[in-house]
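Undergrad: sequence unavailable; structure follows:
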């Protein structure tokens, strides 16, 4: 069972910035597509963005409010994925989850989740 460990959450004022980190094993970093999801109070968990092992990124276009403010990246040497969040707004308050998934040729999926890190945007 692989472990994903998030860190970097906390309390921040509107307009502030935070960078979340997710550390994973070498195996995960080499082979899995990784991503960030969030779940706000009373809301369903939603995908923010994904990044492949080669660094290709894909953002959830349906989350209009994060466009241009959130940046996903990864450093395979440090075995870490990041989510840089700028100009934070109260509606960004949520628990943020790290995810890693890999689809085998037969269609089976291997997937892991981190424990979540809470971000509270409030003055």
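TA: Arrived safely. Nothing here was measured: the structure is a model prediction, and the numbers come from that model.

Undergrad: can you pull out the helices in the protein?
TA: Remark: helices assigned in the chain by DSSP state H are 26-31.

Undergrad: my read: residue 27 touches residue 2, true?
TA: Yes - look at residue 27 against residue 2 with C-beta atoms under 8 Å: they come within range, at 7.0 Å. From N, CA and C alone the C-beta is placed, and that goes for glycine too.

Undergrad: can you give me the neighbour number for residue 75?
TA: For residue 75, the neighbour count with other C-beta atoms under 10 Å is 12.

Undergrad: swap that for residue 71, please
TA: 15.

Undergrad: state the distance from it to residue 20.
TA: 11 Å (C-beta to C-beta, to the nearest Å).

Undergrad: who touches both of the two?
TA: Listed as contacting both residue 71 and residue 20 by C-beta atoms under 8 Å, 6 or more residues apart in numbering are 82-83.

Undergrad: what about the longest strand in the protein?
TA: If you go by DSSP state E, the chain has its longest strand at strand 94-103.

Undergrad: what's near enough to touch the most far-flung residue of the chain relative to its centre?
TA: The outermost residue of the chain relative to its centre, with distances by C-alpha atoms, centre = their mean, is residue 106 at 26.6 Å. Contact analysis of residue 106 by C-beta under 8 Å, 6+ apart lists nothing.

Undergrad: tell me the bridge partners for the spatially most central residue of the chain.
TA: Note on the chain: the residue nearest the mean C-alpha position is residue 36, at 2.0 Å, using C-alpha atoms, centre = their mean. Beta bridges link residue 36 to residue 49, residue 98 when assigned by DSSP bridges.

Undergrad: right, and residue 12 touches residue 121 too?
TA: Yes - assessed by C-beta under 8 Å, residue 12 is found in contact with residue 121 at 5.6 Å.

Undergrad: identify the contacts common to these two.
TA: With C-beta under 8 Å, 6+ apart, residue 12 and residue 121 have common neighbours residue 88.

Undergrad: the lowest-mean-pLDDT helix or strand in the chain: which residues count as buried?
TA: Every helix and strand in the chain was compared by mean pLDDT, DSSP states H and E; the lowest is helix 26-31, with a mean of 90. In terms of neighbour count (16 or more other C-beta atoms under 10 Å), helix 26-31 has its buried residues at 28-29.
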